[in-house]
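Visitor: one predicted model, sequence on top.
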Amino acid sequence: MSSTPIDSKTHLYFIGIGGISMSALALLFQSKGCRVSGTDIRQSPMTERLEKEGITVHIGHSAENITDDVSLVVYTAAIKGDNPELSAAREKKIPTMDRAHLLGEVMAEYHYSVAVAGTHGKTTTSSMVSEILLAADTDPTITIGGILPTIGSNLKIGHSPYFVAEACEYFDSFLQFKPLIGVILNIEADHLDYFKNLENIRHSFHSFACQIPADGILILPAAVSHPEEITASLACKWETFGIDEPANWQAKDIRHTSDGFSIFSLYYQGENLGEITLQIPGEHNICNALAACAAAHFLGLSFEDMARGLRHFHGTDRRFQKKGETDGVLVIDDYAHHPTEIRATLSAAKEIAQGKIWCVFQPHTYSRTKFLFDDFGNAFRDADHIIIADIYAAREAKDDSITAQMLAERIQSTGKDAAYVGDFSQILSHLHTHCQAGDLLLTVGAGDIYKVGEQFLKA
């Protein structure tokens, strides 16, 4: 455990407590009897939930919040060294720990731990693994990056050796984990403000794989380029999954239904185990399901558990989430904020769309928009109409060298109908004027673009 023993007398203070992962850790340690408090820059449904659970949440960072009775301060990778609360903790010589380190220590307490990594699909796949474990009555502990409707939360506190968590590569955070089962869904260029290039990203994923013990397993896509670089010098065994490529785990006889279901035959080592039904569309989600089945199989769970758990999975909040319908226009929200994710989301939308596809995209961070500018420009081929909102800065300062207007013009250069509108109220006005019955409206991005879909449904 940490240099500061954590028990019922410990007062943990979380900087950024409203974040999806930090809030889960806060609730987990509160369940252990610890005193928990924290801060966030703004009030949100999550901070309100934490307060209802008896956790003190301060809005706005202030050194005065770090009182002498705080035992340990936990912070996220986004918190800079000059943060007033982090600085105050260090001045008072109160122990500090980053979120990934604390989550890694939690994970070490569970023998059957599953860590799901990858540039895309972590929340969906960790949710799929969770659904299978729940179907098998294993009573797992679950901490994921979204709200899973089955548990009504991003956290479930179980009482068994089973543990499921996402493993984010940003700032090499997942190198704090030593899971029994490590899943890599894909490896692509992202977070280039930290990694600088794809070579460094691949090196980081290899280091993650090397964390898996000899009695564990690495699960990775057969389509990953140069797999020998990722699997070199591993102590553990490894298996692959894929659709078109030779792999240990394969999906064959794939069918897509008009209501958004995906049905396929699950093969392991060439043997047909049976038919799987997913209530979410998209071949990327079939790949996610293959990875989840591989993890479940290593845990000794049956095909019946896999089929039942995946059949029950309806998606998580903000992952191709059907928000409602008004005047014949179906509204779906998705968290996609990387070009590959956008392409996958639009491909899934195309499977169920009856009319035109309207995609309202909010770029997430200036650095990602700038580094992947051309990839973003080519990512909207399956949309009929694209509206670009202002860039959601998140943790970053404004960068005038990249704008949403520039991205809209780049998409226009591919021959697509794209426009920069920016302001949410203007976007809504445009949609109400031009959307027609039978159209599909997608709000896409990792910021607050979901509000556009919700307001569209209310009007």
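Guide: Sure thing, it's come through.
Visitor: starting at the chain centroid, how far to the helix or strand hosting residue 428?
Guide: Counting by DSSP states H and E, the element that carries residue 428 is helix 424-434. Helix 424-434 sits 29 Å away from the centroid of its parent chain (Cα atoms, centre = their mean, to the nearest Å).
Visitor: report the central residue of this structure.
Guide: Nearest to the mean C-alpha position of the chain, counting by Cα atoms, centre = their mean, stands residue 123 at 3.9 Å.
Visitor: ok so that residue is a helix residue?
Guide: Yes. Residue 123: assigned to a helix according to DSSP: H, G, I helix; E, B strand; the rest coil.
Visitor: can you pull the contacts of it?
Guide: 144, 145, 146, 166, 316, 319, 335 (Cβ atoms under 8 Å, 6 or more residues apart in numbering). The C-beta positions use only the backbone N, C-alpha and C, and glycine is treated the same way.
Visitor: what ranges does the stretch 1-150 of the chain have for its helices?
Guide: Using DSSP state H, counting those that start in this stretch, the helices of the stretch 1-150 of the chain run over 20-31, 45-52, 84-91, 99-107, 122-135.
Visitor: which residues touch the first one?
Guide: So that's helix 20-31. Helix 20-31 is contacted by residues 6, 10, 12, 14, 16-17, 36, 38, 46, 49-50, 53-55, 74, 76, 99, 102-103, 106, 141, 143-146, 154-155, 157, 166, 168 when judged by Cβ under 8 Å, 6+ apart.
Visitor: what's the mean pLDDT across the longest helix anywhere in the chain?
Guide: For the chain, the helix with the greatest residue count under DSSP state H is helix 283-298. Regarding helix 283-298, the rounded mean pLDDT is 97.
Visitor: contacts for that helix next, please.
Guide: Contact partners of helix 283-298, identified using Cβ under 8 Å, 6+ apart, comprise 114, 116, 120-121, 124-125, 128-129, 132-133, 136, 181, 183, 185, 217, 219, 221, 239, 241-243, 247-251, 254, 262, 264, 266, 268, 276, 278, 305-306, 309-310, 344, 347-348.
Visitor: out of the helices of the stretch 1-150 of the chain, which is the most enclosed?
Guide: Sort these by mean neighbour count, taking mean count of other Cβ atoms under 10 Å, and helix 122-135 sits at the top with a mean of 28.
Visitor: quick one: that helix to chain centroid distance?
Guide: When C-alpha coordinates are averaged (Cα atoms, centre = their mean), helix 122-135 and its chain have centres 12 Å apart.
Visitor: returning to that earlier point: can you say which of the contacts of helix 283-298 are buried?
Guide: Neighbour counting with 16 or more other Cβ atoms under 10 Å marks 114, 116, 120-121, 124-125, 128-129, 132-133, 136, 181, 183, 185, 217, 219, 221, 239, 241-243, 247-251, 262, 264, 266, 268, 276, 278, 305-306, 309-310, 344, 348 as buried within those.
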